[in-house]
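> Give the three-dimensional model of this entry:
(one chain, ligands or ions: 1)
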Amino acid sequence: MRNDKAQFSTRIGVVAVTVGSAVGLGNIWRFPFEAGMHGGGAFLLLNLLFVFLIGIPVICAEFIIGRNTGSNVRTAFRKLAPGEPWGAVGYIGLLSSVLIISFYSVVAGWTMEYIFRSASGFSGVHSVAGLHDQFDSFATSDWRPALWTVIFLLCNYLILVRGVEKGIEKVSNVLMPALFLILIIFAVRSLTMPAAREGLEFLFRPDFQKITPSVVLGAMGQAFFSLSLGLGGLITYASYFNRRTSLVRTAGITAGLDMLVAVLAGVIIFPAVFTFGMEPAAGPELVFEVLPSIFCNMTGSIFWSTLFFILLFLASLTSTISMSEIQIAYLMEEKGMGRRKATNVAVLIAAGLGVLCALSFGSLSGLRVFGMTLFGLFDYLASNILLPLGGMLISLFVGWRLKREIVDNELLYGRKTIFRRMVICAIMFSLRYVAPACILLVFLFGLGIF
Ligand code: TRP
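As a prediction, the model looks like this:
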């Protein structure tokens, strides 16, 4: 069953693709704007709590399912629990991956526009108000954002048709370290700005009064989104892992690096926000207005900002690849399609919905569902509802339904040290009780059911 499957070839490759899936716009674009809207330090603290309490165990759960079955989300549940309703988890995963890739590609398209704007020195505009207007008139126009969305998905396509090892692994290996380095350089620049202290206080000093049910729900959604969790993306990736990969260690490294990048992004953004007198709660445009302002205050601004947006674009690419791969693996293994055809289908659906999301800042901005634009709705529905729901079902499945033998086999692989047993106990405890209960409670409060 496993031998005919493609596999990632090196250990560093396994970590790089998993981190590549996790690190993306979720850390650098979504985390700062969500933290900005939800009270800074309190949001960060809750986010960290969710990552360690729920995130790491659920990553392990997805890894166990994926490596054990060597299958995509849908097939995995069919193999492990034939004929049982657990199969629905596969469909939730497929649906949310379609929703996420649609709005995600729009923002990735913005980063492509900003590569070219950076290279032109933002047409000489340096003022905060000018940069704001520039972003506004770009995002609300119709054809450019829509066109970039499609171009971005084409890039995605070109990597995906080449397959798992050749495409995905190669890109991730080079990219992640480069992104990391450049973030550190910007963080240093930002920390020397006049209002650095205020920015850091906003990010790191939790104001417990700001914790409301919707902040808690947002922080949980962010944890799931940023870790690529809850829809079987990691099940799919783990199906390409070999036997020697340590699942727990890979989960820990992924969560740690992912949080580190998000915090670095915060350290870059907030000192600048306060220095330039901007509004931390500006929403999705925050990063696209703040970063250019930082760059304009650096020597060699054109070089740095162009490089940054190129890296951000590439980091988005390694994340969307993992979302499309969920659908492609499903179409290939379950519907018998060839790789090319499956990729065509997945990318075409994403392009159709992606264009609608892009237009939802322009011509379609009047179209509101529950007061949200299409873009906002897709994000809210997927991140705050479907991902945690998928995560809850996955933890219940591995905690209660899956044979304990399989868990032990995947996590211990022969070496029964006391330390390993303790780690497994902790993970199982979280999967059985902590994660499902936490997610349920946050749902009841956050959605106002309670
Ligand atoms: N985690 C990625 C980011 O932070 C986004 C992502 C990739 C994702 N694959 C996913 C989110 C699967 C949810 C599910 O940018």
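> what packs against the helix or strand hosting Ala223?
Per DSSP states H and E: Ala223 is located in helix 213-226. When contacts are defined as 3 or more C-beta pairs under 8 Å, 6 or more residues apart in numbering; DSSP states H and E, helix 213-226 packs onto helix 31-37, helix 41-50, helix 247-275, helix 387-396, helix 435-446. (Glycine included, C-beta is placed from N, CA and C.)
> Output it as CSV, restricted to C-alpha atoms.
What follows is helix 213-226 as a C-alpha-only set of coordinates in CSV (Å, rounded to 0.1, in the frame of the first residue of the first chain):
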residue,chain,number,x,y,z
PRO,A,213,-15.5,35.6,23.6
SER,A,214,-14.8,36.8,20.1
VAL,A,215,-11.2,37.4,20.9
VAL,A,216,-10.9,33.9,22.3
LEU,A,217,-12.6,32.5,19.2
GLY,A,218,-10.3,34.5,17.0
ALA,A,219,-7.2,33.4,18.8
MET,A,220,-8.2,29.7,18.4
GLY,A,221,-9.0,30.2,14.7
GLN,A,222,-5.7,31.9,14.2
ALA,A,223,-3.9,28.9,15.9
PHE,A,224,-5.6,26.5,13.6
PHE,A,225,-5.1,28.6,10.5
SER,A,226,-1.5,29.3,11.1
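> wait, which of the helices and strands packed on helix 213-226 is closest to the ligand?
Nearest to the ligand among the helices and strands packed on helix 213-226 is helix 387-396 (6.0 Å), distances taken as C-beta to the nearest ligand atom.
> So for that closest one, mean pLDDT?
The pLDDT scores in helix 387-396 average 95.
> go on, stretch 50-60?
Mean pLDDT, computed over stretch 50-60, is 95.
> List the buried residues of that stretch.
Neighbour-count burial for stretch 50-60, with 16 or more other C-beta atoms under 10 Å as criterion, is recorded at 50-52, 54-60.
> Narrow those to those in helices?
Here DSSP state H is the test, and the buried residues of stretch 50-60 give 50, 56-60 as lying in helices.
> which one among those residues gets closest to Glu34?
The shortest approach to Glu34 among those belongs to Phe50, at 12.6 Å (C-beta to C-beta).
> so who does that closest one touch?
Contacts for Phe50 (C-beta atoms under 8 Å, 6 or more residues apart in numbering) come out as 219-220, 222-224, 438.
> The residue nearest to Leu45 when sequence neighbours are not counted in helix, strand or coil?
Excluding its sequence neighbours, the residue lying closest to Leu45 (C-beta to C-beta, 6 or more residues apart in numbering) is Pro206, at 4.6 Å. Following DSSP: H, G, I helix; E, B strand; the rest coil, we place Pro206 in the coil state.
> Let's see the pLDDT reported for the residue in the stretch 251-400 of the chain positioned nearest to the ligand.
Nearest residue of the stretch 251-400 of the chain to the ligand, counting by C-beta to the nearest ligand atom: Ser319, 3.8 Å away. At Ser319, the predicted lDDT confidence score is 91.
> That one: what's it in contact with?
By C-beta under 8 Å, 6+ apart, the neighbours of Ser319 are 20-26, 104, 228.
> What of Gly446?
Counting by C-beta under 8 Å, 6+ apart, Gly446 touches 213-214, 216-218, 220, 384.
> Could you turn the buried ones of those residues into a ChimeraX selection?
Only the buried entries of the contacts of Gly446 go into this ChimeraX selection, using 16+ other C-beta under 10 Å:
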select :213,216,217,218,220,384
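> just the contacts of Gly446 now: which is nearest Phe43?
For the contacts of Gly446, the nearest to Phe43 is Gly218 (6.9 Å; C-beta to C-beta).
> How about that closest one, nearest residue that isn't a chain neighbour?
Closest residue in space to Gly218, ignoring its immediate chain neighbours: His38 at 5.1 Å, by C-beta to C-beta, 6+ apart.
> center of the protein - which residue?
By C-alpha atoms, centre = their mean, the chain has its centre lying nearest to Ser226, at 3.6 Å.
> what about Val442, how many neighbours?
Residues near Val442, counting by other C-beta atoms under 10 Å, number 23.
> could you list every residue that touches the closest residue to it other than its chain neighbours?
Nearest residue to Val442, sequence neighbours excluded (C-beta to C-beta, 6+ apart): Met220, at 5.1 Å. Residues near Met220 by C-beta under 8 Å, 6+ apart: 46, 50, 54, 384, 388, 438-439, 442, 446.
> Distance of Met220 relative to Ala351?
Between Met220 and Ala351 the computed distance is 30 Å (C-beta to C-beta, to the nearest Å).
> Tell me the residues on the stretch 51-200 of the chain that lie near the ligand, please.
For the stretch 51-200 of the chain, the contact set with the ligand under C-beta under 6 Å from any ligand atom comprises Ile100.
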